[in-house]
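> Got a predicted structure plus its sequence, pasted below:
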Amino acid sequence: MDYGYMLGYWKAAPPAGALEAVQAAERLGFDSIWTSEAYGSDAFTPLAWWGAATSRVQLATGIAQLSARTAASTAMTAMTLDHLSSGRVILGLGVSGPQVVEGWYGQPFPKPLARTREYVAILRSIMAREAPVTAPGPQLPLPLTGGGTTGLGKPLISTLHPLRQHIPIHLAAEGPKNTALAAEIADGWLPFLYSPAQDAASRALLEEGFAKRDAALPPADRFEVSVPVPIVVDDDVEAAADRVRPMIALYVGGMGAKGANFHFDAVARLGFEAECVRVQELYLAGRKAEAIAAVPTRLVDEIALVGPIERVRDGLARWEESVVTRILVQGDLRTLEAVASLRA
């Protein structure tokens with residue numbers, strides 16, 4: 001089991017002490033640092049900044065949103081950062097959801113699985129730099145032709161020679177079909193709001209994707225599964241759980257419209273459908289404090305590690321026996337030090 005440090009996206013401002021925590025993570029033996037984006041801070045800029053102050057940790061987006069950038073722009077950014085960091089980039093991608101894609105980026109949200117497949121194919125083609133890039137579409141055709149265009153678009157090849165022709169691409173996926181897609185076309189899977197209780201089902205979905213995997217990709221035994229896990233070390237279990245409840249309530253209740261919230265669906269599949277309905281009703285009604293309080297401790301225990309250090313150590317055993325290959329620790333510097341002590 002590897003361990004990374006998940007910093008996520010910023011809230012109102014850059015997080016205090018982030019650089020020191022990143023450098024501590026490298027010193028403590030964590031293999032990677034991970035950022036994300038929603039509709040505020042972006043995923044790549046912090047990696048470039050913190051990457052300049054580190055030398056070993058991998059620099060990973062977990063996740064960069066597909067609709068935030070064209071595939072060509074994402075490839076340019078990843079290849080540039082890969083050069084600057086001496087080959088430390090992991091490119092984690094996700095489709096986000098219709099509220100953000102249509103409301104923030106002003107992009108349509110049709111056929112996310114097909115769009116993901118085409119997007120990754122374009123990335124692979126650009127990074128391979130074997131020929132001018134073309135893509136048949138229909139979601140993301142290159143060059144773009146038809147009404148409203150000049151007709152002057154031409155296939156191009158990157159002027160930048162990639163440091164690595166195969167930058168690892170990991171796909172965020174919560175549903176069954178996109179989980180199988182990750183195993184088919186990517187180098188790793190990024191579940192969210194995940195529980196080791198899903199292990200058997202997850203292995204079956206990954207095997208479904210591996211059966212269709214292109215032989216040109218790295219073999220399935222090198223496939224990575226990296227999961228963000230909130231970790232709170234505190235002698236008081238309920239106090240520790242209280243620090244995780246707001247995140248669960250936000251994603252289950254407020255990150256997506258009713259009936260189109262992938263995070264709600266992921267947690268409901270863990271056996272908490274009634275609880276999810278209640279949390280969502282309260283959150284959408286503006287009763288956020290009640291929504292947070294409605295998150296049961298046993299749900300926190302499914303997707304997080306909370307409580308005294310001995311309880312966290314015991315809980316880790318479930319994750320180590322699962323399909324997960326890397327835990328992305330969510331927490332402060334004290335948490336990083338505690339996790340490092342458990343690994344010593």
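Arrived safely, thanks for sending. In this text the structure is predicted, and so the values were computed from the model without any measurement.

> Confirm Val225 sits in a strand?
Yes. Per DSSP: H, G, I helix; E, B strand; the rest coil, Val225 lies within a strand segment.

> That one touches Val324, doesn't it?
Yes. Contact criterion CB atoms under 8 Å: Val225 and Val324 qualify, at 5.0 Å. For glycine as for every other residue, the C-beta is placed from the backbone atoms N, C-alpha and C.

> Give me the common contacts of the two.
The contact sets of Val225 and Val324 do not overlap (CB atoms under 8 Å, 6 or more residues apart in numbering).

> how close does Val225 get to Val89?
19 Å (CB to CB, to the nearest Å).

> Between the two, tell me which one has more neighbours.
Val89 (26 against 21; other CB atoms under 10 Å).

> Assign the residue lying closest to the more buried one once chain neighbours are set aside to helix, strand or coil.
In this structure, Val89 finds its nearest non-sequential neighbour in Asp82, 4.3 Å apart by CB to CB, 6 or more residues apart in numbering. Three-state assignment for Asp82 (three-state DSSP): helix.

> quick one: the helices in the stretch 101-250 of the chain?
Taking DSSP state H, counting those that start in this stretch as the criterion, the stretch 101-250 of the chain carries its helices at 112-128, 176-185, 199-210, 237-242, 245-249.

> export the ones you listed to CSV and tack on mean neighbour count?
Shown next, in CSV, are those (neighbours: other CB atoms under 10 Å):
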stretch, mean neighbour count
helix 112-128, 20
helix 176-185, 21
helix 199-210, 16
helix 237-242, 17
helix 245-249, 21
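
> Go through the ones you listed and name the closest to Ala317.
Closest to Ala317 of those is helix 199-210 (CB to CB; 12.7 Å).

> pull the CA atoms of the closest one into CSV?
What follows is helix 199-210, C-alpha atoms only, in CSV (Å, rounded to 0.1, in the frame of the first residue of the first chain):
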residue,chain,number,x,y,z
ASP,A,199,-14.1,-4.6,-2.8
ALA,A,200,-15.7,-7.7,-4.5
ALA,A,201,-17.9,-5.5,-6.7
SER,A,202,-15.0,-3.3,-7.6
ARG,A,203,-12.8,-6.1,-8.6
ALA,A,204,-15.5,-7.5,-10.9
LEU,A,205,-15.9,-4.2,-12.6
LEU,A,206,-12.2,-3.7,-13.1
GLU,A,207,-11.9,-7.2,-14.5
GLU,A,208,-14.7,-6.3,-17.0
GLY,A,209,-12.6,-3.4,-18.2
PHE,A,210,-9.3,-5.3,-18.2
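
> For Leu171, see how far away Leu59 is.
Leu59 is 18 Å from Leu171, where distance means CB to CB.

> Over to Ala68?
Applying CB to CB, the value for Ala68 to Leu171 is 15 Å.

> So for these two, which residue has more residues nearby?
Taking other CB under 10 Å, Ala68 and Leu171 do not tie; Leu171 has more neighbours (26 against 19).
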